[in-house]
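# this one's structure only:
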């Protein structure tokens with residue numbers, strides 16, 4: 001197993017010439033929210049890396065810190081930000097000369113910070129490298145365009161399009177429906193080109209003003225970086241157009257939720273080991289799917305990380321409700337798409353759009369690798385409608401966290417410090433949510449009881 005305690009020896013590109021005047025140094029926190037700082041490029045010194053409070057990885061959505069922080073970071077110490085220059089990109093929505101880049105996080109001894117979701121993914125990828133395997137992924141990200149939320153007690157409202165045109169849903173894959181948001185989408189394409197995010201397709205999804213972005217396939221870490229930056233770019237572009245982009249898994253009660261589908265294949269010596277045999281899955285692919293079926297319930301809180309995430313799994317609204325698999329079967333949790341044998345891959349349709357990009361990739365690949373290493377075989381491919389079957393998913397975030405806490409396999413492959421920190425952050429958020437008085441309570445209990 002790759003030793004998380006060894007100093008990082010990753011060879012990254014050197015800083016480019018003619019740096020932008022200002023550098024936005026980015027990391028992803030537990031929830032995938034971009035954190036960091038902006039520095040003047042002239043102040044950057046390779047002999048004195050920028051610092052950031054390590055406690056950022058323990059911060060909850062409400063800005064608080066759970067008790068576990070006192071176990072791992074009692075002094076609220078600093079970590080070091082080592083720029084990964086391969087991620088250097090311009091910031092096209094900023095006035096002035098700004099660039100952004102993702103940083104590797106190190107402790108003061110130069111070791112990778114174990115609480116950084118990106119380092120967790122790198123830990124999983126190191127396990128693949130030990131098997132001479134290279135994962136290749138392609139994400140599909142869904143989101144809604146909504147009116148800015150000025151009163152959180154009121155229902156979310158769908159954004160209006162060009163010339164106040166409204167979108168009412170039922171326009172799945174409709175090209176004309178995309179035209180209602182042409183200004184936003186045209187600028188988003190230009191921003192993605194400027195930031196080297198490889199969009200492969202744009203699709204109108206099931207819900208009103210719901211859009212899906214497909215990213216071209218590539219190496220797992222590189223694509224996770226692109227996905228992290230894509231979310232930031234979408235939000236920034238929406239802000240310029242006076243709307244809000246939400247990656248909330250279930251923003252509208254009666255409409256489809258937003259997923260984050262992940263296609264993956266696996267290469268050894270340049271050959272796709274998931275290559276189909278006359279349309280049938282080879283042993284390696286079946287074992288990978290078997291690992292997903294066996295272990296994804298243990299890792300479910302990583303791909304469905306919020307209370308709202310579990311409302312997405314509603315029947316007849318496009319989200320899978322179990323962990324079946326099938327050939328070109330969109331009703332299953334795991335789908336082997338139709339195509340040439342050489343493009344053999346599996347699509348994980350379970351995760352929500354609210355998942356941390358690094359954690360969905362890490363969890364997906366960790367489960368699949370355990371399936372290969374343990375020789376697990378998938379169930380029989382399902383040829384019928386999987387939504388007619390009972391659900392085998394955790395029902396809520398509390399159940400999912402209990403599964404993760406009891407999973408020796410996930411703790412070993414992701415790292416015990418990270419798992420403990422993640423669980424503590426999420427349980428703290430659950431506690432705060434349980435203390436809140438929600439609109440349903442105010443509506444039905446405020447005057448009736």
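Nice, thanks for sending it over. These numbers come from a predicted model, not from an experiment.

# what residues are up against residue 234?
With contacts taken as Cβ atoms under 8 Å, 6 or more residues apart in numbering, residue 234 has the following neighbours: 143, 188, 213, 245. No exception for glycine: its C-beta is placed from N, CA and C like everyone else's.

# okay, it: pLDDT?
According to the per-residue confidence, residue 234 scores 98 in pLDDT.

# now do residue 281
We note a pLDDT of 97 for residue 281 in this prediction.

# and the spatially closest residue to it that is not a sequence neighbour, how many neighbours?
If the residues on either side of it in the chain are set aside, residue 281 comes closest to residue 336, at 5.8 Å by Cβ to Cβ, 6 or more residues apart in numbering. Here the number of neighbours of residue 336 (other Cβ atoms under 10 Å) works out to 25.

# run through the bridge partners of residue 336.
Assessed by DSSP bridges, residue 336 has beta-bridge partners residue 327.

# so it sits right up against residue 344, yeah?
Yes. Judged on Cβ atoms under 8 Å, residue 336 makes contact with residue 344 at a distance of 7.2 Å.

# overlap of the contact sets of those two?
276, 281, 285.

# neighbour-wise, which of the residues you listed leads?
Ranking the shared contacts of residue 336 and residue 344 using other Cβ under 10 Å puts residue 285 first, with 28 neighbours.

# ok but it is inside a helix, no?
Yes. The assignment for residue 285, made by DSSP: H, G, I helix; E, B strand; the rest coil, places it in a helix.

# mind listing the strands for the stretch 151-300 of the chain?
199-204, 210-215, 218-219, 244-246, 260-268, 271-272 (DSSP state E, counting those that start in this stretch).

# partner strands of the fifth one, with direction?
Right, strand 260-268. Strands that pair with strand 260-268, judged by DSSP bridges, come out as strand 134-146 (antiparallel), strand 271-272 (antiparallel), strand 346-348 (antiparallel).

# wait, which of these is closest to residue 261?
strand 134-146 (4.1 Å; Cβ to Cβ).

# chain center to that closest one, what's the gap?
Centroid separation for strand 134-146 versus its chain: 8 Å, with Cα atoms, centre = their mean, to the nearest Å.

# sorry, back to before: the strands paired with strand 260-268 into a markdown table, with extra columns for mean neighbour count, mean pLDDT and distance to residue 225?
Below are the strands paired with strand 260-268 laid out as a markdown table (neighbours: other Cβ atoms under 10 Å; pLDDT from 0 to 100; distance: least, Cβ to Cβ, whole Å):
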| stretch | mean neighbour count | mean pLDDT | distance to residue 225 |
| --- | --- | --- | --- |
| strand 134-146 | 22 | 97 | 11 |
| strand 271-272 | 14 | 98 | 22 |
| strand 346-348 | 25 | 98 | 19 |
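
# quick one: closest of those strands to residue 174.
Each of the strands paired with strand 260-268 was scored for nearness to residue 174 using Cβ to Cβ, and the closest is strand 134-146 (15.0 Å).

# residues touching residue 407, list them.
Under the criterion of Cβ under 8 Å, 6+ apart, the neighbours of residue 407 are 295, 298-299.

# need phi/psi at it.
The main-chain torsion angles of residue 407 are listed as degrees, to the nearest 10 and equal phi -90, psi 100.

# Throw the strands of the stretch 151-300 of the chain into a markdown table and include distance to residue 52, thanks.
Compiled in a markdown table, the strands of the stretch 151-300 of the chain are given as follows (distance: least, Cβ to Cβ, whole Å):
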| stretch | distance to residue 52 |
| --- | --- |
| strand 199-204 | 30 |
| strand 210-215 | 28 |
| strand 218-219 | 26 |
| strand 244-246 | 26 |
| strand 260-268 | 27 |
| strand 271-272 | 39 |
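
# for residue 98, find the nearest of these.
Comparing the strands of the stretch 151-300 of the chain by Cβ to Cβ, strand 244-246 comes nearest, at 20.2 Å.

# which stretch of helix or strand covers residue 432?
Here residue 432 is covered by helix 416-435, with elements defined by DSSP states H and E.

# and the closest residue in space to residue 325 that isn't next to it in sequence, backbone torsions?
In this structure, residue 325 finds its nearest non-sequential neighbour in residue 334, 3.9 Å apart by Cβ to Cβ, 6+ apart. Residue 334 adopts backbone torsions of phi -130, psi 130, taken as degrees, to the nearest 10.

# quick check: pLDDT value at residue 334.
You'll see residue 334 listed with a pLDDT of 97.

# contacts for the helix holding residue 432?
Around helix 416-435, the neighbours that count as contacts under Cβ under 8 Å, 6+ apart are 30, 57-62, 64-69, 71-72, 114-115, 120, 301-302, 305-307, 397-398, 401, 404-405, 410-411.

# narrow those to those in helices?
68-69, 71-72, 120, 301-302, 397-398, 401, 404-405, 410-411 (DSSP state H).

# narrow those to those that are buried.
Buried positions within the ones in helices among the contacts of helix 416-435, assessed by neighbour count (16 or more other Cβ atoms under 10 Å), are 68-69, 72, 120, 301-302, 397-398, 401, 404-405, 410-411.

# tell me how far residue 22 lies from residue 98.
5 Å (Cβ to Cβ, to the nearest Å).

# residues in contact with stretch 71-78: which ones?
Identification of contacts with stretch 71-78 by Cβ under 8 Å, 6+ apart yields 51-55, 58, 69, 108, 115, 417, 420-421.

# what sits against residue 53?
For residue 53, the set of contacting residues under the criterion of Cβ under 8 Å, 6+ apart consists of 76-79.

# next step: those restricted to strands.
Mapping the contacts of residue 53 onto strands (DSSP state E) picks out 78-79.

# buried subset of the contacts of residue 53 as a PyMOL selection?
In PyMOL syntax, the buried subset of those is picked out as below (16+ other Cβ under 10 Å):
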select buried, resi 79
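
# make a markdown table from the contacts of residue 53 and add distance to residue 170 and pLDDT to it.
Below are these laid out as a markdown table (distance: Cβ to Cβ, whole Å; pLDDT from 0 to 100):
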| residue | distance to residue 170 | pLDDT |
| --- | --- | --- |
| 76 | 51 | 82 |
| 77 | 53 | 88 |
| 78 | 52 | 93 |
| 79 | 48 | 94 |
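
# turn the contacts of residue 53 into JSON lines, columns for distance to residue 381.
Formatted as JSON lines, these follow (distance: Cβ to Cβ, whole Å):
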{"residue": "76", "distance to residue 381": "51"}
{"residue": "77", "distance to residue 381": "50"}
{"residue": "78", "distance to residue 381": "51"}
{"residue": "79", "distance to residue 381": "46"}
